[in-house]
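In: Next input, structure requested:
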Amino acid sequence: MNMSVSATNNNVNHISTTQNKVTTSMQIIADTPIIDKVFVDKSERRLQLLSGNEVIKSYHVALGGNPIGHKQRQGDKRTPIGSYTLDYKNEKSKFYRSIHISYPNAADKARAKALGISAGGDIMIHGQQNGKGALTVDTQKLDWTEGCIAVTNAEMDEIMAAVKLGTSIEIVE
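Out: Numbers count the residues shown, from 1 in each chain. Model prediction:
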């Protein structure tokens, strides 16, 4: 059997034989669509990864404990509505992995300032609370976050791998 091992520019190893092709457990990055937008529909509890206008993957989400309406202030347990950017990844979160949403934007800050309140912040897409992953079946049926968007830990792994920093996120009611 003729076998060769090579590495691509994306550091994905390929093992080929003359009869078939086997790859490592990582997907071949070159064959994966580029995710250029994340779309969240709060009323449907749905997060979608988009490439152009094509939905590549869709996930059920849990939201803040008071999910209806736009986030107004710190502690209101609402998930914001609007257009933001995914601006950093956190591997040492108190939840299983997270990606930060750039809330509050300039309009959110101005609205909060006019009202004399804090707009809040630290809104993330994240997995389950560390140490409580076994409760995923129950927690994903409820809106339990402080305003974040929660998925299962396995789904968070997929999202972290697929989404690059600087990707836009649109959240609608």
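In: For the residue most central in space within the chain, give me the pLDDT.
Out: Residue closest to the average C-alpha location in the chain (CA atoms, centre = their mean): Ile125, at 4.4 Å. In this model, Ile125 is scored at 98, pLDDT.
In: any idea how far it is from Val61?
Out: Ile125 sits at a distance of 8 Å from Val61 (criterion: CB to CB, to the nearest Å). Where C-beta positions appear, they are placed from N, C-alpha and C, glycine not excepted.
In: Find residues that contact each of those two.
Out: Jointly contacting Ile125 and Val61 under the rule CB atoms under 8 Å, 6 or more residues apart in numbering are Leu47, Ile149, Ala150, Val151.
In: now the residues you listed in JSON lines, with neighbour count?
Out: As requested, those are exported to JSON lines (neighbours: other CB atoms under 10 Å):
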{"residue": "Leu47", "neighbour count": "23"}
{"residue": "Ile149", "neighbour count": "27"}
{"residue": "Ala150", "neighbour count": "30"}
{"residue": "Val151", "neighbour count": "23"}
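In: among these, which are in strands?
Out: Leu47, Ile149, Ala150 (DSSP state E).
In: okay but the first one is in contact with Gln140, surely?
Out: It refers to Leu47. No - look at Leu47 against Gln140 with CB atoms under 8 Å: they stay out of range, at 11.9 Å.
In: Looking at the ones in strands among the shared contacts of Ile125 and Val61, which is nearest Gln129?
Out: Ala150 (8.8 Å; CB to CB).
In: check contacts around the closest residue to that closest one other than its chain neighbours.
Out: Distances taken as CB to CB, 6 or more residues apart in numbering put Ala62 closest to Ala150, at 4.3 Å, once the chain neighbours are dropped. The contact partners of Ala62, by CB under 8 Å, 6+ apart, come to Arg45, Thr139, Gln140, Lys141, Leu142, Asp143, Trp144, Thr145, Ile149, Ala150, Val151.
In: Quick one, which of those residues has the minimum pLDDT?
Out: For these, the pLDDT minimum is Thr139, 79.
In: Does that one touch Lys132 like I think?
Out: Yes - contact criterion CB under 8 Å: Thr139 and Lys132 qualify, at 7.3 Å.
In: who has more neighbours, these two?
Out: Neighbour totals were compared for Thr139 and Lys132, and Thr139 leads with 18 against 12 (other CB atoms under 10 Å).
In: what's that one sitting at in phi/psi?
Out: Reported as degrees, to the nearest 10, the phi and psi values for Thr139 are phi -70, psi -30.
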